[in-house]
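**Student:** Dropping the sequence and predicted coords here.
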Amino acid sequence: MNETEKRINDLRAQLRYHSDRYYNDDAPEIEDYQYDMMMRELKALEEKYPEYDSVDSPTKRVGGKADNSFESVVHSVRMESLQDAFSKEEIFDFDKRVKDGAGAVSYVVEPKIDGLSVSLEYVNGEFFRGSTRGDGDTGEDVSGNLRVIRNVPLKLNKPLPYIEVRGEVYMPKKSFDKVVDRQLLNDEKPFKNPRNAAAGSLRQKDSKVTATRGLDIFVFNIQQVEGAELSSHKQSLDFLRELGFNTIPFYERVNSIEDAFKEVEKIGEMRGDLEFDIDGAVIKVDDFSTRDILGSTSKFPKWAVAFKYPPEEKQTKLIDIEITVGRTGVLTPTAVLESVHLAGTTVSRATLHNQDFINEKGVNIGDIVTVRKAGDIIPEVLCVNEKNSQGAFVYPEICPSCGEKVVREEGEAAIRCINPECPAQLLRNLIHFCSRDAMDIEGLGPSIIETFVNEGIIKKTSDIYRLDKEEIAKLEGFKETSANNIINSVEKSKENDLGKLIFALGIRHIGEKAAKLLSDEFKNIEAVMSASVEDILNIEGYGKIMAESVVDFFSSESAKELINELTLAGVNTKSKTVIKDNRFEGKTFVLTGTLESFKRSEASKIIEGYGGKTSSSVSKKTDYVLAGAEAGSKLDKANALGVAVISEDEFKEMIK
């Protein structure tokens, strides 16, 4: 294999991988611009060396495929992709090809919304079905999720026999910010940008989740229609508005390619001020009969082109580096810059990611740097152009929010504050502390906790146990009954087992099971706090990172103070696990399926009461799998590994 063929194969493999990550996983690893440049290189090589052409090349296929988790929908009108252009010269080349094929034409110019392309079908004016583009020929039926998007009309203003339209589901920037805030509060990996957030939200199994994400839609094309005669694109867009669709927000009909490109530039200038993301502008031949003459290639129509705005880069001075503490305790560096105009907006701040990134680039205050704004919301520093400082910037050793020492765990890029009372993390820590699997304080949900924090009623975790009924009842929206319920639930939580308290503290790497293991091993909080890494490593299921995390947490003065305050408030700090006998000592059970006589939590307590342990996954170390009705993959794995499987009746015999 020669170098050319090797490069072509390599590009195809990379493009297939990144297309899958982008379209099907909603988790891109590279910027759109990098993907576009690889696609362009492959296209050029295939044109130059036709002997290496292939029918399944990414240059001939629309990205994406139907997901098996949704019903497939075969598109009767193919949902095509668009050919890309990156320069004025390429736009003029497109115009020449159009004129060579069809003579003089008029164009419509509109923004290219950065979202997920969908088809909406209506029968007799009522919403019938909605699907994703998929590979252009076959998509996914996401009708249920499309129904909960406010601007998807369920009934049209005119009862046409049939119409199929194409639109772009997107997430407004404000909605994106709210979703990311919620993800950070829940310790979830946040979406990278609004496009991926929109795609991930539209493909949720539960439409109730989709409904909370604030999605919207712009409709920009009629795929097919019965009951209306339309001759041009602009006429069709006006008609879509009459029907009640939320059409593309602005579009302009022009009579020359020069005027078309002026519109492209105008859209480029305003894109930073829009409430939604765009990644380009689209130029389309207006007249439908002319489109029929021009036709399509195997991948895209010959009557349209998408101008992709390249990532803009500019040099400026880095005048400061601010360190902020996120709700999960991660310290994030932000470059404060001398303002520059970039991608339609004035940029004065840019991300520096983490300490490793800063070290790699050698960035420090006073340097002249190159800043780029590409597909993501926040600009980033690319490189140092002029070094005016000594070495690279170094993170502070203490948290700028609370003054506690920060830590960096082995194998992690993030430097974080682990202080449970850090003001920057207060809201997230309180929500976790009160959650069902932790202290289970009914009535103290996220919105109420946020209200109490905003009102100054709760300033730290131990304030939960100082809540005053009269003070709560005075707040807007609260009555004496609800205030009573909260106080009673707080009092009830004082009786929880030590394991629930340890889990509620939010110690990094320590989940519910691991917290219970600590409780059962050391019996009281004082013993847990004084335990060494070696002591904790003696617990089966604990590794070095988990053990060090526990010791680091309890070594901080703030953690010691919190435990003292909780103890004084009357919170139980002792294990309540009572060992009746040791018949299950050293035995590990996995529970699967539906049990008739016990809840799973009850069965787990029984096993622990006889000295045994429960696990959520089956392995060679599992001793028994207790299988109820409709047991699934865990039962299959147990059989494959030769693990003993017991029924509910056999379990009852074992605990007599």
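**Tutor:** Nice, I can see it. Just so you know, these numbers come straight off a predicted model, no measurement behind them.
**Student:** who's in contact with the helix or strand hosting residue 447?
**Tutor:** Here residue 447, judged by DSSP states H and E, is contained in helix 446-454. Outside helix 446-454, the residues that touch it by Cβ atoms under 8 Å, 6 or more residues apart in numbering are 185, 426, 427, 430, 431, 434, 444, 458, 459, 467, 475, 486. Where you see a C-beta, it was placed from the backbone N, CA and C, and this is true even at glycine.
**Student:** Of those residues, which count as buried by neighbour count?
**Tutor:** Among the contacts of helix 446-454, those buried by neighbour count (16 or more other Cβ atoms under 10 Å) are 185, 426, 427, 430, 431, 434, 444, 458, 467, 486.
**Student:** how about JSON lines for these, with secondary structure and pLDDT added?
**Tutor:** Below are the buried ones among the contacts of helix 446-454 laid out as JSON lines (DSSP: H, G, I helix; E, B strand; the rest coil; pLDDT from 0 to 100):
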{"residue": "185", "secondary structure": "helix", "pLDDT": "75"}
{"residue": "426", "secondary structure": "helix", "pLDDT": "91"}
{"residue": "427", "secondary structure": "helix", "pLDDT": "90"}
{"residue": "430", "secondary structure": "helix", "pLDDT": "94"}
{"residue": "431", "secondary structure": "helix", "pLDDT": "91"}
{"residue": "434", "secondary structure": "helix", "pLDDT": "95"}
{"residue": "444", "secondary structure": "coil", "pLDDT": "93"}
{"residue": "458", "secondary structure": "coil", "pLDDT": "95"}
{"residue": "467", "secondary structure": "coil", "pLDDT": "95"}
{"residue": "486", "secondary structure": "helix", "pLDDT": "95"}
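**Student:** ok, those vs residue 310, which is closest?
**Tutor:** Comparing those against residue 310 with Cβ to Cβ picks out residue 185 as the nearest, at 35.6 Å.
**Student:** Leaving out chain neighbours, which residue sits closest to that closest one?
**Tutor:** residue 428 (4.9 Å; Cβ to Cβ, 6 or more residues apart in numbering).
**Student:** and that neighbour, what is it in contact with?
**Tutor:** Per Cβ under 8 Å, 6+ apart, neighbours of residue 428: 184, 185, 187, 327, 328.
**Student:** With respect to pLDDT, which of these ranks lowest?
**Tutor:** Of all the contacts of residue 428, residue 187 carries the smallest pLDDT score, 68.
**Student:** just to revisit the earlier point, quick check: the gap between the residue nearest to residue 185 and residue 449.
**Tutor:** Residue 428 sits 10 Å away from residue 449, going by Cβ to Cβ, to the nearest Å.
**Student:** Residue 44 now?
**Tutor:** The gap separating residue 44 from residue 449 is 57 Å, by Cβ to Cβ.
**Student:** Which one's more surrounded, these two?
**Tutor:** Set residue 44 next to residue 449 and count neighbours by other Cβ atoms under 10 Å: residue 449 wins out with 21 against 11.
**Student:** Next one: that one relative to residue 457, how far apart?
**Tutor:** Residue 449 is 10 Å from residue 457, by Cβ to Cβ.
**Student:** Over to residue 330?
**Tutor:** 27 Å.
**Student:** And residue 512, by the same measure?
**Tutor:** Going from residue 512 to residue 457 by Cβ to Cβ gives 28 Å.
**Student:** again, but for residue 301
**Tutor:** Residue 301 is 60 Å from residue 457, where distance means Cβ to Cβ.
**Student:** OK, contacts around residue 202?
**Tutor:** Per Cβ under 8 Å, 6+ apart, neighbours of residue 202: 116, 118, 132, 142, 145, 146, 169, 210, 215.
**Student:** Cross those against strands and list the overlap.
**Tutor:** Judged by DSSP state E, strands contain the following of the contacts of residue 202: 116, 118, 132, 169.
**Student:** For the stretch 1-150 of the chain, just list every one of the helices.
**Tutor:** 3-19, 32-48, 88-102, 143-147 (DSSP state H, counting those that start in this stretch).
**Student:** Tell me which of those helices sits most buried.
**Tutor:** With neighbours taken as mean count of other Cβ atoms under 10 Å, the helices of the stretch 1-150 of the chain reach their highest mean count in helix 143-147, at a mean of 20.
**Student:** so what secondary structure elements neighbour it?
**Tutor:** strand 126-132, helix 194-202, helix 207-211 (3 or more Cβ pairs under 8 Å, 6 or more residues apart in numbering; DSSP states H and E).
**Student:** mind putting the ones you listed in JSON lines, mean pLDDT and distance to residue 315 included?
**Tutor:** As requested, these are exported to JSON lines (pLDDT from 0 to 100; distance: least, Cβ to Cβ, whole Å):
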{"stretch": "strand 126-132", "mean pLDDT": "95", "distance to residue 315": "41"}
{"stretch": "helix 194-202", "mean pLDDT": "90", "distance to residue 315": "28"}
{"stretch": "helix 207-211", "mean pLDDT": "88", "distance to residue 315": "42"}
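**Student:** Packed most tightly, which of these would that be?
**Tutor:** helix 194-202 (a mean of 25).
**Student:** can you give me the angle that helix makes with helix 32-48?
**Tutor:** Relative orientation of helix 194-202 versus helix 32-48 (axes from the mean of the first three to the mean of the last three Cα atoms, to 10 degrees): 90 degrees.
**Student:** Let's see helix 194-202 as PDB, backbone CA atoms only.
**Tutor:** Provided in PDB are the C-alpha atoms of helix 194-202 (Å, rounded to 0.1, in the frame of the first residue of the first chain):
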ATOM      1  CA  PRO A 194     -25.700  23.500  22.700                       C
ATOM      2  CA  ARG A 195     -25.700  21.400  19.600                       C
ATOM      3  CA  ASN A 196     -24.700  18.200  21.500                       C
ATOM      4  CA  ALA A 197     -27.100  19.200  24.300                       C
ATOM      5  CA  ALA A 198     -30.000  19.400  21.800                       C
ATOM      6  CA  ALA A 199     -29.100  16.100  20.200                       C
ATOM      7  CA  GLY A 200     -28.700  14.300  23.600                       C
ATOM      8  CA  SER A 201     -32.000  15.800  24.900                       C
ATOM      9  CA  LEU A 202     -34.000  14.900  21.800                       C
END
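**Student:** Renumber starting at 24 from here on
**Tutor:** I'll keep to 24 as the first residue from here, and by that count the last item is helix 217-225.
**Student:** so where is the protein shaky, pLDDT-wise?
**Tutor:** Within the chain, the ranges that satisfy pLDDT under 70 run 45-51, 55, 83-92, 210, 366-367, 397-400.
**Student:** Let me see the contact set for residue 647.
**Tutor:** By Cβ under 8 Å, 6+ apart, residue 647 lies in contact with 610, 611, 612, 613, 666, 667, 668, 669.
**Student:** If we only consider those residues, which is nearest to residue 214?
**Tutor:** residue 613 (33.5 Å).
**Student:** three-state assignment of the closest one?
**Tutor:** Reduced to three states with DSSP: H, G, I helix; E, B strand; the rest coil, the structure at residue 613 is strand.
**Student:** hang on, isn't it packed against residue 638?
**Tutor:** Yes - when contacts are counted by Cβ atoms under 8 Å, residue 613 is listed as touching residue 638 (5.4 Å).
**Student:** okay, and the common contacts of those two?
**Tutor:** With Cβ under 8 Å, 6+ apart as the test, residue 613 and residue 638 both reach residue 645.
**Student:** which of those two has more neighbours?
**Tutor:** residue 613 (22 against 16).
**Student:** residues in contact with the more buried one?
**Tutor:** Contacts for residue 613 (Cβ under 8 Å, 6+ apart) come out as 637, 638, 639, 640, 641, 645, 647, 648, 649, 657, 661.
**Student:** Just flag the most distant two among the ones in strands among the contacts of residue 225.
**Tutor:** Within the ones in strands among the contacts of residue 225, two members stand farthest from each other by Cβ to Cβ: 155 and 192, at 8.8 Å.
**Student:** Give me the common contacts of these two.
**Tutor:** Contacts common to residue 155 and residue 192, judged by Cβ under 8 Å, 6+ apart, are 139, 140, 141, 225.
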